[in-house]
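[1] Need coordinates for the below:
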Amino acid sequence: MSDSVYKIIELVGTSPTSWDQAAANAVERAAKTLRDLRVAEVVEQDIVIEDGRIAAYRTKLKVSFKFEGS
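    Predicted structure coming up:
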């Protein structure tokens, strides 16, 4: 394995249906602008409540990708 450096960013994905879908939405969106995504770690999950009902699921992720820079 060659030497590599990875950058870690935090993302929050949302979904009206589930925490899993919220995480998937975050990763899919990040993949549109970041190359070489490697690992995502779920850091936190919460829900948005409106009028006594769940309005949205939110999943906070730490996402790593290969760092390309000098």
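
[2] Please list all residues in contact with R29.
    11, 13 (CB atoms under 8 Å, 6 or more residues apart in numbering). (Glycine included, C-beta is placed from N, CA and C.)

[3] does S4 really touch F65, like I thought?
    No: here S4 does not reach F65: they are 10.6 Å apart, not a contact under CB atoms under 8 Å.

[4] Going along the chain, name the helices of the protein.
    Using DSSP state H, the helices of the chain run over residues 19-31.

[5] and the residue of it most remote from its centre, backbone torsions?
    Distance from the C-alpha centroid of the chain, by CA atoms, centre = their mean, peaks at D51 (27.0 Å). Backbone geometry at D51, expressed as degrees, to the nearest 10, gives phi 50, psi 40.

[6] Relative to T17, how far out is it?
    Separation of D51 from T17 (CB to CB, to the nearest Å): 18 Å.

[7] And V48, by the same measure?
    13 Å.

[8] Mind listing the shared neighbours of these two?
    Y57.

[9] Now V63: closest residue in space, sequence neighbours ignored.
    With sequence-adjacent residues excluded and distances taken as CB to CB, 6 or more residues apart in numbering, V63 is closest to A40, at 4.8 Å.

[10] Can you name the residues that contact the one you found?
    The contact partners of A40, taken as CB under 8 Å, 6+ apart, are 23, 26-27, 61-64.

[11] Can you give me the buried ones in stretch 30-49?
    For stretch 30-49, the neighbour count (16 or more other CB atoms under 10 Å) marks 30, 34, 40 as buried.

[12] Rebuild those as TSV, extending it with distance to V12 and pLDDT.
    Shown next, in TSV, are those (distance: CB to CB, whole Å; pLDDT from 0 to 100):
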residue	distance to V12	pLDDT
A30	11	96
L34	15	91
A40	12	96
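
[13] Kindly indicate which of those lies nearest L11.
    Taking CB to CB as the measure, L11 sits nearest to A30 out of the buried residues of stretch 30-49, at 6.0 Å.

[14] is it true that the closest one touches V63?
    Yes: between A30 and V63 there is a contact under CB under 8 Å: 5.8 Å.
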